[in-house]
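Peer 1: The sequence and its predicted three-dimensional model are supplied below.
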Amino acid sequence: MYRAAYDRFEAKELRHDLRAGVLAAITANANRDPKKRRKPYAPSDFFPALKRFSKRRHKQTWQQQLEIVKMLNQAFGGRSVKRRRRRKQELIHG
């Protein structure tokens, strides 16, 4: 029970740090001189504990993202609407 409460507390604190880091990064980037520092600030620059969350573990292809969208659409009762592609002749001749 103690471990679960601690995990919830830690997750909540990380969210608070992320929010504060985003605000700090926005403020710093608004006042940043691009000639002196070309790279924009990130929330992890102000809260080093966020560095482990700042990089993606793997990149998804557009096909993987499409499959996830289809799965979520089906799970939430949506329907798939596919557009019919026009042929070149239809576009030329109207």
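Peer 2: Sure thing, it's come through. Numbers count the residues shown, from 1 in each chain.
Peer 1: Just give me how far the lengthiest helix in the chain sits from the chain centre.
Peer 2: Secondary structure of the chain per DSSP state H: the longest helix is helix 2-30. Relative to its parent chain, helix 2-30 has a centroid offset of 16 Å by C-alpha atoms, centre = their mean, to the nearest Å.
Peer 1: Moving C-terminal from that helix, which element do we reach first?
Peer 2: Downstream of helix 2-30, the next assigned helix or strand under DSSP states H and E is helix 43-46.
Peer 1: CA atoms only for that next one - export them in PDB, please.
Peer 2: Taking C-alpha atoms only, helix 43-46 is exported to PDB below (Å, rounded to 0.1, in the frame of the first residue of the first chain):
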ATOM      1  CA  PRO A  43      11.900  21.600 -19.800                       C
ATOM      2  CA  SER A  44      14.700  19.100 -19.000                       C
ATOM      3  CA  ASP A  45      17.200  22.000 -19.100                       C
ATOM      4  CA  PHE A  46      15.600  23.300 -15.900                       C
END
